[in-house]
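Student: sequence and predicted model, in that order:
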Amino acid sequence: MVDFPVSLDSSQPVPLPSSLVFLTGLLLLLWPGELNSEALNEEVKVVGPEESILALVGEEVEFLCQLSPYLDAEHMEIRWFRSHASDVVHLYQEGQELHGQQMAHFLNRTQLVRDDITDGSVTLQLRGVLPADAGPYGCRFLSSTFSGEAIWQLEVAGLGSDPHISLEGFKEGGIQLRCSSSGWYPKPQAQWRDHQGKCLPPETEAIIQDTQGLFSVETSVVVLEGAHSNVSCSIQNPFLVQKKEFVIQIAEKLQTELDWRRAEGQAEWRAAQQYAVDVTLDPASAHPSLEVSEDGKSVSSRAAARGLAPGDPQRFSEQTCVLSRERFAAGRHYWEVHVGRRSRWFLGACLASVPRAGPARLSPASGYWVMGLWNGCEYFVLDPHRVALALRVPPRRVGVFLDCEAGRLSFFNVSDSSHIFTFTDTFSGSLCAYFRPRAHDGSEHPDPLTICPLPVRGTCVPEEDDSDTWLQPFEPSDTAVGLW
């Protein structure tokens, strides 16, 4: 038995015997891994970004992760991930960045900054932030003696483009304005206000999300004539509590612009008439429910066809339209069509090669460039989405101008010599004039669609009574504002 010296004087140190010092050292040698690992897990922590960080669409965001206290991480595995460790955003192992396991969404968008990796500090840069990047993230440090991670949330917001206000024309006794902006995230809020700051109810509003998750907004308002004051359109990001605003002055400046646009539209229409061509309908291209006149100048719906049952295969076997005999592959061409008081019709041009079996979407993407009228009150085009048209005077006759080289198809209201709408596109082949009278809807005026002889005007159809205001070209008075 070994006796250890004991001192009752607490002020004097008690030397340990050499055998006890040896035993303590031996224990440290026998179990270094267990002791060091336990100490590391108790003391070293992974410190990541704050619980939630905000990034703006299109910009760069940084994820800083570090060990506390400092510890060399050069030979550790460092993994950035989404909700699960298997969803790899970026991976570093033994001095190398391994892109093979990276999610496709993050390829070529991340960069690792490891200048301070020996101190346990690394930064991951994510470029070109997208709405889809929003969500939970984490970083994990892993070695043979240590494992730890930090979790945080990435929030994404996009402040879109400056609003743009355009003048659409006259509608319901007022001036119609349209406001548009794009590049917003999350879904924005649009607001019209008058010069007193009072909210104006929108006439229409459309908010569409694109393939990248960004929102575009288009809204319109009708300002009553005589309201010669400021009108503003603001688009607000509800997440950022920030907005962009555009103010327009409805006064002499607007009057001048309207008069200029009206004069410009008249000049364009007169120039288009110089390229008048003789267009004739092709009976072979007509749907069985349509009746083409012997001279090939008019088309209407057959009475028998109006009685087809909704499920009749003939009703949907092909489009209820007829094309022109002529094919236009080059040059400029103009023709006019009398639509009368029909409440439903489509006019325009289409590629000669488009299949007409089965229903088709009448949009440029499908090879159709048309405008139409629905139920006698809504004029519109599909470009590719439905775009409403505000016309000061409902057209009885529509002019169509095709410029193949310029890739333009324009529509004119012959009733008041105004421009209606222009498609701009690349035509991939020959085009035909397109006519679709639509089925009779019970209106009092089931007029056929009739191609007018040109260039002589006024000989296409009998003149109506002077009291018929639909036929009277609009002339601005001293108090009214003219539409281009």
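Tutor: That came through, no problem.
Student: could you pull out the buried residues of the helix or strand in which Glu218 is found?
Tutor: Secondary structure assignment for Glu218, by DSSP states H and E: strand 215-224. Within strand 215-224, the residues that count as buried by 16 or more other C-beta atoms under 10 Å are Phe215, Ser216, Val217, Glu218, Thr219, Ser220, Val221, Val222, Val223. C-beta: built from backbone N, CA, C; applies to glycine.
Student: next one: stretch 268-288
Tutor: Buried, per 16+ other C-beta under 10 Å, within stretch 268-288: Glu268, Trp269, Ala272, Gln273, Tyr275, Ala276, Val279, Leu281, Ser285, Ala286, His287.
Student: for that stretch, which outside residues touch it?
Tutor: The contact list for stretch 268-288 (C-beta atoms under 8 Å, 6 or more residues apart in numbering) reads 292-293, 295-299, 302, 305, 314, 318-326, 331-335, 356, 399, 401, 410, 412, 414, 417-419, 432-433, 435, 451, 454-455.
Student: if we go to 7 Å?
Tutor: 292, 296-297, 299, 314, 318-326, 332-335, 399, 401, 410, 412, 417, 419, 433, 435, 451, 454-455 (C-beta atoms under 7 Å, 6 or more residues apart in numbering).
Student: re earlier: would a markdown table of the buried residues of stretch 268-288 with secondary structure, pLDDT and distance to Leu167 be doable?
Tutor: Below are the buried residues of stretch 268-288 laid out as a markdown table (DSSP: H, G, I helix; E, B strand; the rest coil; pLDDT from 0 to 100; distance: C-beta to C-beta, whole Å):
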| residue | secondary structure | pLDDT | distance to Leu167 |
| --- | --- | --- | --- |
| Glu268 | helix | 87 | 17 |
| Trp269 | helix | 87 | 19 |
| Ala272 | helix | 91 | 22 |
| Gln273 | helix | 91 | 25 |
| Tyr275 | coil | 93 | 28 |
| Ala276 | strand | 93 | 30 |
| Val279 | coil | 95 | 32 |
| Leu281 | strand | 96 | 37 |
| Ser285 | helix | 91 | 39 |
| Ala286 | coil | 91 | 40 |
| His287 | coil | 90 | 39 |
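Student: ok, of those, which one's closest to Cys377?
Tutor: Ranked by distance to Cys377 (C-beta to C-beta), the buried residues of stretch 268-288 are led by Trp269 at 24.0 Å.
Student: give the pairing partners of the helix or strand just after the strand holding Glu218; include direction for each.
Tutor: The element immediately downstream of strand 215-224 (helix or strand, assigned by DSSP H and E) is strand 230-237. If you go by DSSP bridges, strand 230-237 pairs up with strand 189-194 (antiparallel), strand 242-249 (antiparallel).
Student: mean confidence for the longest one?
Tutor: With pLDDT averaged residue by residue, strand 242-249 scores 90.
Student: in it, what counts as buried?
Tutor: Lys243, Lys244, Ile248.
Student: can you give me how far it is from the chain middle?
Tutor: 20 Å (C-alpha atoms, centre = their mean, to the nearest Å).
Student: any idea of the angle it forms with strand 215-224?
Tutor: 30 degrees (axes from the mean of the first three to the mean of the last three C-alpha atoms, to 10 degrees).
Student: can you get me the start-to-end distance on stretch 102-114?
Tutor: 18 Å (C-alpha to C-alpha, to the nearest Å).
Student: buried residues in it?
Tutor: In stretch 102-114, counting by 16+ other C-beta under 10 Å, buried: Gln102, Phe106, Arg109, Thr110, Arg114.
Student: from those residues, which is closest to Gly376?
Tutor: After measuring the buried residues of stretch 102-114 against Gly376 - C-beta to C-beta - the closest member comes out as Arg109, at 52.8 Å.
Student: is it true that that closest one touches Val129?
Tutor: No - with contact defined as C-beta atoms under 7 Å, Arg109 does not reach Val129; the gap is 9.0 Å.
Student: would you map the strands across the stretch 351-484 of the chain?
Tutor: Applying DSSP state E, counting those that start in this stretch to the stretch 351-484 of the chain gives strands spanning 368-374, 378-382, 386-389, 397-403, 408-413, 418-424, 431-436, 449-451.
Student: could you dump those into CSV with distance to Val47 added?
Tutor: Shown next, in CSV, are the strands of the stretch 351-484 of the chain (distance: least, C-beta to C-beta, whole Å):
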stretch, distance to Val47
strand 368-374, 60
strand 378-382, 55
strand 386-389, 53
strand 397-403, 65
strand 408-413, 61
strand 418-424, 55
strand 431-436, 65
strand 449-451, 74
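Student: out of these, which is the most enclosed?
Tutor: strand 431-436 (a mean of 25; mean count of other C-beta atoms under 10 Å).
Student: quick revisit: among the buried residues of strand 215-224, which one sits closest to Asp383?
Tutor: Glu218 (12.1 Å).
Student: packing partners for the helix or strand containing Leu323?
Tutor: Under the criterion of DSSP H and E, Leu323 resides in strand 322-323. Helices and strands touching strand 322-323, by 3 or more C-beta pairs under 7 Å, 6 or more residues apart in numbering; DSSP states H and E, are strand 431-436.
Student: can I get the strand it packs on as PDB, trimmed to CA atoms?
Tutor: Extracted as PDB, the C-alpha positions of strand 431-436 are listed here (Å, rounded to 0.1, in the frame of the first residue of the first chain):
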ATOM      1  CA  LEU A 431     -51.100  33.800 -95.700                       C
ATOM      2  CA  CYS A 432     -54.800  33.800 -96.700                       C
ATOM      3  CA  ALA A 433     -57.500  36.300 -95.700                       C
ATOM      4  CA  TYR A 434     -59.700  34.800 -92.900                       C
ATOM      5  CA  PHE A 435     -63.500  35.200 -92.500                       C
ATOM      6  CA  ARG A 436     -65.600  33.700 -89.800                       C
END
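Student: what's in contact with stretch 366-376?
Tutor: Contacts of stretch 366-376 (C-beta under 7 Å, 6+ apart): 343-351, 354, 360, 362, 379-381, 409, 411, 420-421, 423, 425, 434, 443.
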